[in-house]
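In: Sequence first, predicted model second:
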Amino acid sequence: MTCGIYLTFNGNCEKAMLHYQDIFDGEITITMRYSEGPPEFSTPEIANKIMHATMVFGNNCEIKASDSFHEPLNKGNNFHVSILADDNESAYSYFSGLAEEGKITMPYNDVFWGGKFGSCVDKFGVQWMISSNAENV
C-alpha cells in the first residue's frame, strides 16, 4: 500500500510543480494537459492547463497535482504536506524555499520533541511541515 499527496490548483499547477521541483531537486515524471484527455474534459480555456502531473523526489517521495477544471477551488486549512528530511541542511533548504513569498506559521528551529521543525504556507496557499529528527541533524 502507498499513500500520497494530491494537490489541486486554480490554474497555476505547472508553475507550482516547477517551483517544488526546484526546491526538492525532483523530477516531473508525468505532465498531461487537458487537451490530451477526453474532449468532454477540455475547453479552449483549460486546454493547456494541467490535468495530471507527478513529481518524484528523495527516497520514495511523490507529489501529484492538477488544475481544477469544473468548480471554483476553495483552499482549505485541513491538510499539510509533511516532509521528514534526511538531514538538517536539506530540511532548512526546503523550508526556506517554500517559505519564500509565503507565510511562516512556525519558524524552523529546535523543537521540544527533538530535532528541528518549521511550518509555512507557500506562495500557492499550500501548507507545509518540514522536520528533521535529532538523530539526523
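Out: Received, thanks. Please read all numbers here as calculations on a predicted model, not as lab measurements. Numbers count the residues shown, from 1 in each chain.
In: Leaving out the residues flanking it, which one is nearest to Asp25?
Out: Phe57 (6.4 Å; C-beta to C-beta, 6 or more residues apart in numbering). For the C-beta atoms, the positions are set from N, CA and C on the backbone; glycine is no exception.
In: ok, the one you found - contacts?
Out: 21, 24-27, 63 (C-beta atoms under 8 Å, 6 or more residues apart in numbering).
In: show me where pLDDT drops low in the chain?
Out: By pLDDT under 70, the weakly predicted segments of the chain are 1-2, 70-71, 77-78, 134-137.
In: any idea how the chain splits into domains?
Out: Following automatic domain parsing, one finds the domains of the chain at 5-67, 81-136.
In: related to what we said a few turns ago, biggest separation within the contacts of Phe57, which pair?
Out: Using C-beta to C-beta, the pair of the contacts of Phe57 lying farthest apart is Asp25 and Ile63, separated by 13.1 Å.
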